[in-house]
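> coordinates only, sequence not included:
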């Protein structure tokens, strides 16, 4: 980046010109415009399709044990849907709920039940504002997928009661081995 500042002695004296020369002096001496010594990168973990499939398989097994017809969704950290399974007999509305639970957990980096608990203690306007955002939900059954303290996605389950959905999602999460 190149900045050109005129010397005040070459310009008519006006408040704006003096201010401009001061701003240019500050900007040019700032380290904010210093060139980087090299590329800056960061390593990110992500969930693989095999990982997402292992989670949905375990979640489905738990749902069958409980006698539920569940929908399980898994998103990665980039908001890409990695897996979506709908058991025979699952309600159509459970699809969107499972998707929203998984997405919310990944984006907010928290369990959806924890978000509900937090917002239910806050002034009502906060919960109303939160729920106006597309795809966000406070329905329990969404869990973040974490590796070394970094959220790499979310899993959501829907089709039972909130405690059952949480149990099914936890079974899926337990099958994830980074």
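Right, received. Where do you want to start? Keep in mind it's a predicted model, so treat the numbers as computed, not measured.
> In which helix or strand does the residue nearest the centre of the chain reside?
Here the mean C-alpha position of the chain is nearest to the C-alpha of residue 107 (C-alpha atoms, centre = their mean), at a distance of 1.5 Å. In this assignment (DSSP states H and E), residue 107 forms part of helix 92-108.
> Show me how far that helix is from its chain's centre.
12 Å (C-alpha atoms, centre = their mean, to the nearest Å).
> what does the domain assignment say about this structure?
Domain segmentation of the chain under automatic domain parsing yields 1-39, 49-174.
> for the chain, what spans make up the helices?
Per DSSP state H, the chain carries helices over the ranges 15-29, 49-66, 92-108, 112-120, 124-131, 162-174.
> for those, which one sits closest to residue 144?
When the helices of the chain are compared by C-beta to C-beta, helix 92-108 sits nearest residue 144, at 4.6 Å. Every residue, glycine included, has its C-beta placed from N, CA and C.
> The closest one versus helix 124-131: what angle between them?
Helix 92-108 runs at 100 degrees relative to helix 124-131, counting by axes from the mean of the first three to the mean of the last three C-alpha atoms, to 10 degrees.
> now for helix 92-108, which elements pack on it?
In terms of contacts (3 or more C-beta pairs under 8 Å, 6 or more residues apart in numbering; DSSP states H and E), helix 92-108 is packed against strand 71-76, strand 81-86, helix 112-120, strand 142-147, strand 150-158.
> Indicate each strand paired with the first one and its parallel or antiparallel sense.
Take DSSP bridges as the rule and strand 71-76 pairs in its sheet with strand 81-86 (antiparallel), strand 150-158 (antiparallel).
> Now do the residue nearest to residue 174 when sequence neighbours are not counted against residue 129, distance only.
Excluding the flanking residues, the one nearest residue 174 by C-beta to C-beta, 6 or more residues apart in numbering is residue 58, at 6.6 Å. To residue 129, residue 58 is 35 Å away according to C-beta to C-beta, to the nearest Å.
> neighbour-wise, which of these two wins?
A count of neighbours by other C-beta atoms under 10 Å puts residue 58 above the other of residue 58 and residue 129, at 20 against 12.
> coming back round to it: the residue nearest to the centre of the chain contacts residue 76, doesn't it?
No - the pair residue 107 / residue 76 is not scored as a contact, 11.6 Å apart, by C-beta atoms under 8 Å.
> Okay, now the unreliable bits of this protein?
Along the chain, the parts satisfying pLDDT under 70 run over 1-38.
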